[in-house]
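> could you look at this predicted model? Sequence included:
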Amino acid sequence: MSLVTISASYGAGGSKVGPALAQRLGVRFADRVISSEVAARLAVPASQVDVGAGGLLARLLMFLAPMGQDYDMQGAAATEPVTDRAFREMEEAVVFEFADSGHGVILGRAAAVVLRDDARALHVRLDGPREARLQQAMRLEGIERGTAEQRMQETDRARHAYVRRLSRADARDPTLYHLIIDSTVIDLGVCVEIVALAAECRATPIAAAAVPEEGFPQAAS
């Protein structure tokens, strides 16, 4: 079984690596499908819980607004506000349900925090220097620098706020992850293979007996 969570900063290629990894491992992939399920259960528009690029405005308004106040896409107060607690509990419930089978790839959703006590999960962070991520975003999305800079500012800010508001954690904290990759210098296809290998190794841990009592051989001097 392979269960992987992926956290990615803007331009790090998470939207490319996530689906490709799921296909490589032969497991389900979840990012916005979780948003849709959470929205359905809370009876609110999917745009209000979307963590994708298309829901940036709604997400910023929702998570950076005063506690307990919700907004629609036009900025008007929602008639049925969703509290932080209600959203957090539903979000976690859906992530737990998705992970219950022990296999799947989850992109974002603070899944590394939600599943930090799940011994089956491999937690991965994709990142890189700001300039390198900008260049990669421009190439992957076919956009100009100004657009990429704006999206980076909005997306990274929203993702950090999202994780901190719901889990009281910092998505950039290296202790949350088993594997951190600079996906701006390593080809995204290679990143998929690296994570797949790590996931497969975690799914089938090497027995302690496989290591000789005398330990590993020393390198020749």
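Cool, the structure landed. Numbers count the residues shown, from 1 in each chain.
> which parts of the chain are helices?
Taking DSSP state H, the helices of the chain run over residues 14-25, 32-42, 56-64, 84-99, 111-114, 130-141, 145-167, 188-203.
> among the ones you listed, which is nearest L179?
Among those, the nearest to L179 by CB to CB is helix 188-203 (5.5 Å). C-beta coordinates here come from the backbone N, C-alpha and C atoms, glycine included.
> so which elements touch the closest one?
Applying 3 or more CB pairs under 8 Å, 6 or more residues apart in numbering; DSSP states H and E, one finds that helix 188-203 contacts strand 3-8, helix 14-25, strand 121-127, strand 179-182.
> and the second one with helix 130-141, angle?
For helix 14-25 against helix 130-141, the angle between stretch directions is 70 degrees (axes from the mean of the first three to the mean of the last three CA atoms, to 10 degrees).
> now helix 14-25: mean pLDDT?
For helix 14-25, mean pLDDT rounds to 94.
> if we can go back for a sec, can you put the helices and strands packed on helix 188-203 in a markdown table and add mean neighbour count and distance to I143?
Shown next, in a markdown table, are those (neighbours: other CB atoms under 10 Å; distance: least, CB to CB, whole Å):
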| stretch | mean neighbour count | distance to I143 |
| --- | --- | --- |
| strand 3-8 | 28 | 17 |
| helix 14-25 | 20 | 14 |
| strand 121-127 | 25 | 19 |
| strand 179-182 | 18 | 22 |
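> looking at these, which is nearest to E200?
Between E200 and the helices and strands packed on helix 188-203, the tightest spacing by CB to CB is seen for helix 14-25, at 7.8 Å.
> what's the angle from the closest one to strand 121-127?
Between helix 14-25 and strand 121-127, the angle comes out at 140 degrees (the same axes, to 10 degrees).
> packing partners of helix 14-25?
Using 3+ CB pairs under 8 Å, 6+ apart, helix 14-25 sits against strand 3-8, strand 29-30, strand 104-107, helix 188-203.
> try it again with 6 Å
strand 3-8, strand 104-107, helix 188-203 (3 or more CB pairs under 6 Å, 6 or more residues apart in numbering; DSSP states H and E).
> contacts only, for the nearest residue to L134 once chain neighbours are set aside.
Counting by CB to CB, 6 or more residues apart in numbering, L134 lies nearest to A148, which is 5.2 Å off, once chain neighbours are set aside. By CB atoms under 6 Å, 6 or more residues apart in numbering, the contact set of A148 is L134, A137, M138.
> which of the residues you listed lies closest to L126?
For the contacts of A148, the residue nearest L126 by CB to CB is A137; the value is 12.5 Å.
> to what extent is that closest one buried, counted in neighbours?
Neighbour count for A137, taken as other CB atoms under 10 Å: 23.
> repeat that for M152.
Applying other CB under 10 Å, we find 17 other residues in the vicinity of M152.
> just to revisit the earlier point, make TSV out of the helices and strands packed on helix 188-203 and add distance to R88.
Formatted as TSV, these follow (distance: least, CB to CB, whole Å):
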stretch	distance to R88
strand 3-8	17
helix 14-25	22
strand 121-127	19
strand 179-182	25
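> which among these is found nearest to Y162?
Evaluated over the helices and strands packed on helix 188-203, closeness to Y162 peaks at strand 3-8, with 11.0 Å, by CB to CB.
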